[in-house]
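> Following is a predicted model, sequence given first.
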There are 2 protein chains.
Amino acid sequence: MGKILENKPACLHCNAVIHSVFNVLDNEQLEDLNKHKTCSSYKKGQYVFNELGMPNGLYCINTGKIKLSTTGFDGKEQILSLVKEGEILGYRALIADERYHCSAVAIEDSSICIIDKSYFNSTIIKNNKLLIEIVKKVSGDLKLAENHLVSLSQKNVRERLAEALLFIKATYGCLEDGATLNVTLSREEIADYVGTSTESAIRLLSEFNHDKIIELIGKKIKILNLQLLIKTANLND
Amino acid sequence: MGKILENKPACLHCNAVIHSVFNVLDNEQLEDLNKHKTCSSYKKGQYVFNELGMPNGLYCINTGKIKLSTTGFDGKEQILSLVKEGEILGYRALIADERYHCSAVAIEDSSICIIDKSYFNSTIIKNNKLLIEIVKKVSGDLKLAENHLVSLSQKNVRERLAEALLFIKATYGCLEDGATLNVTLSREEIADYVGTSTESAIRLLSEFNHDKIIELIGKKIKILNLQLLIKTANLND
DNA sequence: GATTAAACCTGCCCAATATCATGTTTTAAA
DNA sequence: TTTAAAACATGATATTGGGCAGGTTTAATC
């Protein structure tokens, strides 16, 4: 459990709202939403929820970055997705009233709002526009998962790593220099997204560094040659 | 395009309805639905829709079997899912009003109902219960995709092939003998689901056959030792 | 029934990548 | 500050599984 914040951010003034499924709510509805939530802070590495747990509310990331992962067959972790502020989490388990089947872990200190399960079931689920937004959101997630799946099935590790760096850039963006990825992931985490061994991820990152595609600055990754990275990823869309 | 059937099956008497998202509709609504659809037949191998096309309605499989696949990077096919009667197709592209991003191909002769796009947009999408069913449906699809993804990422070809056979059994069931899979897929199609080469799929099926896990009878596959198949798949749930 | 094409099968070789081992650097904790 | 523990790095080796080649069987077409 995260640490509950005394002064929770107001939905009405939340910057994340316009990019979230809640963009279809009017001010009154946002005020109402605000009354039925709490907000907690999570330290880097802390679990927001675990794949074995039952849902007790709808999570909405206020600030911070979260990874969604699942534990595979000999305990190996697979990162399914990386998410940022404005994204909702745990809606699937909530609607189907079943266990989460992936875990959510903070990859940096984050603050997350939790909307009451009862409010969700009594009110949100009655709102047509919002439901359509949720369908669109799940559909988008499915599309991403399927693309990831095809890459895992058909691309080699080098291509997948390049693709992963582009995905990270697309998700979290860059620092002010417009090239350094705005997130710190361990080599193991990168490997767990790419679906390879930590050693292979390290080796290939070194290669990319040597080939001047990227520059490794401590744990930060700077993209030096975006065109070459895209070419290395062998994208077709 | 499939061949339009003169005497389309009535939704009210459709056996597939209770297992589909339409189970929440009452008789009156089913009658109404029936008025806004056509039904076409598709021969084995025929495209129901192509990943490049725009949606013109919601597809609902009346009888038959369909594969959902996408074309990867050097034209290699990836089968994303296998579906049967009662399943709806193409809802994502319809709701988001964008191109399909996978193709649907009949793997045996099928008859499929197509519900008008305008009816979908004007009526279905206003039905809250139905929307919730659709959210549950997409969520289930996403869960399947994620499981497939983890397998592709972490399991070897032997394990994935065993898992694929179990997936086929779970999806299409068996013939009267309770052991022979009730579908005919080519080795290439199996490989395209498993994410391996056709040769590897053939080789491993022969091994399974030799090890008495399965028996290959022409193009039919009979599961001789389900326990061993499950063990080979290395499932953890 | 003859001909052709597609699907299926098997052996061989090799590249990609996992695994193991060992060392170094960075970070965290005492 | 010292110590311990992660995280990172790189070389050596083993294994998986892909690709090619050449075959056979099955299915489709004339």
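Arrived safely.
> Can you tell me what sits against the helix or strand hosting A:I202?
Element membership for A:I202 (DSSP states H and E) is helix A:198-210. For helix A:198-210, contacts defined as C-beta atoms under 8 Å, 6 or more residues apart in numbering or on different chains pick out A:157-158, A:161-162, A:187-188, A:190-191, A:194, A:214-216, A:221, A:229, A:232. No exception for glycine: its C-beta is placed from N, CA and C like everyone else's.
> Filter these down to the buried ones, PyMOL style.
Per 16 or more other C-beta atoms under 10 Å in any protein chain shown, the buried members of these correspond to this PyMOL selection:
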select buried, chain A and resi 157+158+161+162+190+191+194+214+221+229+232
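> can you tell me which of the contacts of helix A:198-210 lies nearest to chain B?
Nearest to chain B, judged by C-beta to the nearest C-beta, of these is A:V194 at 8.6 Å.
> quick one, what contacts that closest one?
By C-beta under 8 Å, 6+ apart, the neighbours of A:V194 are A:V157, A:R160, A:L161, A:A164, A:A201.
> is it true that the fourth one lies in a helix?
Yes. The assignment for A:A164 (DSSP: H, G, I helix; E, B strand; the rest coil) places it in a helix.
> Phi and psi next, for the most centrally placed residue in chain A.
Nearest residue to the geometric centre of chain A (C-alpha atoms, centre = their mean): A:V83, 1.6 Å. Phi and psi for A:V83, reported as degrees, to the nearest 10, are phi -130, psi 160.
> Quick check: which element contains the spatially closest residue to it that is not a sequence neighbour?
Using C-beta to C-beta, 6 or more residues apart in numbering or on different chains and skipping the chain neighbours, the partner closest in space to A:V83 is A:I66 (5.0 Å). Using DSSP H and E, A:I66 sits in strand A:65-71.
> Look up how far A:L181 lies from A:S110.
Applying C-beta to C-beta, to the nearest Å, the value for A:S110 to A:L181 is 18 Å.
> Which one's more surrounded, those two?
A:S110 (24 against 20; other C-beta atoms under 10 Å in any protein chain shown).
> dump the residue contacts of the more buried one.
Counting by C-beta under 8 Å, 6+ apart, the residues that A:S110 touches are A:S41, A:Y42, A:V48, A:I61, A:N62, A:T63, A:G64, A:K65, A:I66.
> Around chain B, which positions in chain A sit nearby?
Neighbours of chain B within chain A, by C-beta under 8 Å from any C-beta of the partner chain: A:70, A:72-73, A:76, A:78, A:80, A:92, A:95-96, A:101-102, A:125-126, A:128, A:131-132, A:134-136, A:138-143, A:145-146, A:148-150, A:152-155, A:195, A:234, A:236.
> just the strands in chain A please.
A:3-4, A:37-42, A:47-49, A:57-63, A:65-71, A:77-84, A:88-89, A:103-106, A:110-116, A:214-217, A:220-223 (DSSP state E).
> Need the contact partners of the first one.
Judged by C-beta under 8 Å, 6+ apart, the contacts made with strand A:3-4 from elsewhere in the structure are A:T38, A:C39, A:S40, A:S41, A:Y42.
> ok, now the longest one?
Strand A:77-84 is contacted by residues A:61, A:64-72, A:89, A:102, A:107, A:141, A:144-145, A:148, A:167-168, A:171-172, A:183, A:189, A:192-193, A:195, B:146, B:149-150, B:153-154 when judged by C-beta under 8 Å, 6+ apart.
> Of the residues you listed, which are in range of DNA strand C?
A:G195 (C-beta under 7 Å from any atom of the strand).
> are any of the contacts of strand A:77-84 buried, and which?
Buried, going by 16+ other C-beta under 10 Å: A:61, A:64-72, A:89, A:102, A:107, A:141, A:145, A:148, A:167-168, A:171-172, A:183, A:189, A:192-193, A:195, B:146, B:149-150, B:153-154, out of the contacts of strand A:77-84.
> Just the closest of the contacts of A:S110 to B:E28, please.
Nearest to B:E28 among those is A:I61, at 42.5 Å by C-beta to C-beta.
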